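Trainee: Give me the fold of what follows.
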Amino acid sequence: MLIKLISFDLDGTLITSDFDRLIWDVLIPQKYAEQKGLLLSEAQQIIAEDYMKDLVELNISAKEWFDVNWWIKRFELNITWEELWQKAQNTIHVFDDVEETIKELKELGYKIIITTGASQDFIDIKLKNTNFKEMFDEIISVSNKYNSHDKGSEVYEKICEEHDIKPYELLHVGDSYIQDVQAPRAIGAQSLFLNRDEKIKSINTITSLKQVVDFIKNQKIN
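Mentor: Okay, the predicted model is just below:
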């Protein structure tokens with residue numbers, strides 16, 4: 001089964017999740033606490049409950065749920081998206097194994113994309129702080145492009161259709177077992193589970209992106 005397209009998750013796979021966590025779990029609740037006269041822990045609980053309520057009940061579209069400006073308006077925060085990302089952008093860190101891996105895969109002739117649940121606003125800031133725009137052929141925000149709350153099997157079906165490939169010709173790599181491993185496999189695509197801390201063992205589990213190259217080369221041999 002020859003692979004024609006390789007897809008990577010973004011947060012937790014190519015870059016650390018520190019930026020998102022700081023924005024959603026600290027800076028937004030911090031501003032809310034400041035305006036409402038609450039403890040940070042109280043504000044974090046209120047906001048986390050709102051996040052989950054709208055996600056579970058699907059009260060808003062995926063594009064809105066991932067849109068930081070929507071939440072700024074929702075909580076009536078006296079802060080802008082620009083002020084938030086400027087406070088957090090120094091937490092955007094690319095994992096050490098990314099550049100070498102992508103370079104090798106490119107040299108082998110593969111088309112490489114990013115498939116992420118992150119909103120386009122978050123992606124744009126991450127692109128400013130990395131060289132991903134030059135490294136990848138396409139960067140897909142599933143919330144913006146497909147109005148999807150997560151990377152379900154239908155997302156991978158659409159990617160295969162758009163790139164005119166069979167599901168088994170797609171390889172996706174990521175750190176979420178449900179969204180990055182089970183969802184693509186459900187349509188017959190191939191997937192690798194990136195488990196950097198080695199806490200979970202499963203078939204086709206890797207601990208470094210460098211192992212993606214080994215997997216590809218073994219596929220060619222077999």
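Trainee: Give the next helix or strand downstream of the lowest-mean-pLDDT helix or strand in the chain.
Mentor: Least confident helix or strand of the chain, by mean pLDDT, DSSP states H and E, is helix 62-65 with a mean of 72. Per DSSP states H and E, the first helix or strand lying C-terminal to helix 62-65 is helix 68-74.
Trainee: how about that next one: buried residues?
Mentor: Using 16 or more other Cβ atoms under 10 Å as the test for burial, helix 68-74 gives 68, 70-72. Where you see a C-beta, it was placed from the backbone N, CA and C, and this is true even at glycine.
Trainee: Identify all contacting residues around it.
Mentor: 23, 28, 50, 60, 64, 77, 79-81, 84, 119, 121-122 (Cβ atoms under 8 Å, 6 or more residues apart in numbering).
Trainee: From the rest of the structure, what touches the least confident helix or strand of the chain?
Mentor: With Cβ under 8 Å, 6+ apart as the test, helix 62-65 has contacts from 54-55, 70, 119, 142-144, 146-149.
Trainee: Using CSV, write out every CA atom in that helix.
Mentor: Output of helix 62-65 as CSV, limited to C-alpha atoms (Å, rounded to 0.1, in the frame of the first residue of the first chain):
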residue,chain,number,x,y,z
ALA,A,62,-17.3,24.8,15.3
LYS,A,63,-15.9,27.9,13.7
GLU,A,64,-17.3,30.0,16.5
TRP,A,65,-16.2,27.6,19.3
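Trainee: next one: it to chain centre, how far?
Mentor: Centroid separation for helix 62-65 versus its chain: 15 Å, with Cα atoms, centre = their mean, to the nearest Å.
Trainee: And what about residue 171, helix, strand or coil?
Mentor: For residue 171, the assignment made with DSSP: H, G, I helix; E, B strand; the rest coil gives strand.
Trainee: Identify the bridge partners of it.
Mentor: Beta-bridge partners for residue 171, by DSSP bridges, are residue 6, residue 190.
Trainee: and it, how many neighbours does it have?
Mentor: Counted with other Cβ atoms under 10 Å, the neighbours of residue 171 add up to 25.
Trainee: With the one 3 residues further on instead?
Mentor: Taking other Cβ under 10 Å as the criterion, the count of residues near residue 174 is 26.
Trainee: okay, it: pLDDT?
Mentor: Listed pLDDT for residue 174 reads 95.
Trainee: In TSV, list the contacts of helix 62-65 along with distance to residue 98.
Mentor: TSV is the format used below for the contacts of helix 62-65 (distance: Cβ to Cβ, whole Å):
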residue	distance to residue 98
54	33
55	29
70	30
119	21
142	20
143	23
144	23
146	25
147	28
148	25
149	26
